[in-house]
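*Asks:* build the 3D model from these lines:
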Amino acid sequence: MVFYFTTNVVSPPVTLFMGLDKYENEDLIKWGWPEHVWFHVDKLSSAHVYLELKPNETLEDIPEAVIQDACQLVKANSIQGNKTNDLDIVYTMWSNLKKTKSMEVGQVAFRSEKAVKKVRVAKRINEIVNRLNKTKVERKVDLQALREERDRKEREERKEGLRKQKEQEKEMEKEKMQQAELRSYSTLMKSENMTTNRDDGNDSDEFM
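*Replies:* Coordinates of the predicted model:
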């Protein structure tokens, strides 16, 4: 089961989502997308909250208001973190999460600490938490199927992109050849390259 929340602090609104429990979090880790951003309370147990970036967006492109909403949602869904002021929330791209067999269910590490951002949250802001909870939708989803569908679309888009690139290259090559032919024709038509049926220096029509 996955819980979805809508944050309308930006237009168009953005969706945040998290798993029901640590086992659902494990599936979210396993079947996450390269476009997903992962939020978690630093050094404490909490929900794993995700945000999906738009194409070509990076962590630096996330609006501050959206980051604040995600951080408040993470804090509110942490038993210890919800009662703690001045705590840190970390966030990073899903692709930076590292999972090994020795780790407990729902536990992760990072491939690169440098790729992890940290936000200090002073306290719980009930206005934000209540606003997000009003948009909460619970859905039973097949995370593996969603990831496979996402990958299929990406392959099709890449294939279409390569097809268009080849067509452009063929058109450019065709135009290049046409330009070369025009230059060659222009050269042949120059007066110094043209021949005449008159004898050099001889205007006589008689044959000897």
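*Asks:* how distant is whatever helix or strand Gly161 lives in from the center of its chain?
*Replies:* Assigned by DSSP states H and E, Gly161 falls within helix 143-188. Here helix 143-188 shows a centroid-to-chain-centroid distance of 22 Å under the convention CA atoms, centre = their mean, to the nearest Å.
*Asks:* what's that helix packed up against?
*Replies:* helix 22-30 (3 or more CB pairs under 8 Å, 6 or more residues apart in numbering; DSSP states H and E). The C-beta positions use only the backbone N, C-alpha and C, and glycine is treated the same way.
*Asks:* moving C-terminal from the helix it packs on, which element do we reach first?
*Replies:* Following helix 22-30 toward the C-terminus (DSSP H and E): strand 36-41.
*Asks:* can you give me the offset of that next one from its chain's centre?
*Replies:* Counting by CA atoms, centre = their mean, strand 36-41 comes out at 16 Å from the chain centroid.
*Asks:* coming back round to it: what mean pLDDT does the helix holding Gly161 have?
*Replies:* Throughout helix 143-188, pLDDT has a mean value of 86.
*Asks:* how about low-confidence regions in this protein?
*Replies:* Counting by pLDDT under 70, the chain contains low-confidence ranges at 187-208.
*Asks:* domains in this structure, by residue range?
*Replies:* As given by automatic domain parsing, the domain ranges for the chain are 2-141, 142-189.
*Asks:* mind checking how far the last one is from the chain centre?
*Replies:* Taking CA atoms, centre = their mean, one finds domain 142-189 lying 22 Å from the centre of the chain it belongs to.
*Asks:* go on, stretch 62-73?
*Replies:* Distance, centroid of stretch 62-73 to centroid of chain: 19 Å (CA atoms, centre = their mean).
*Asks:* contacting residues around it?
*Replies:* 5, 7, 9-10, 14, 16, 18, 37, 39, 47, 49, 51, 53, 89, 91, 119, 121, 124-125, 128-129, 132 (CB atoms under 8 Å, 6 or more residues apart in numbering).
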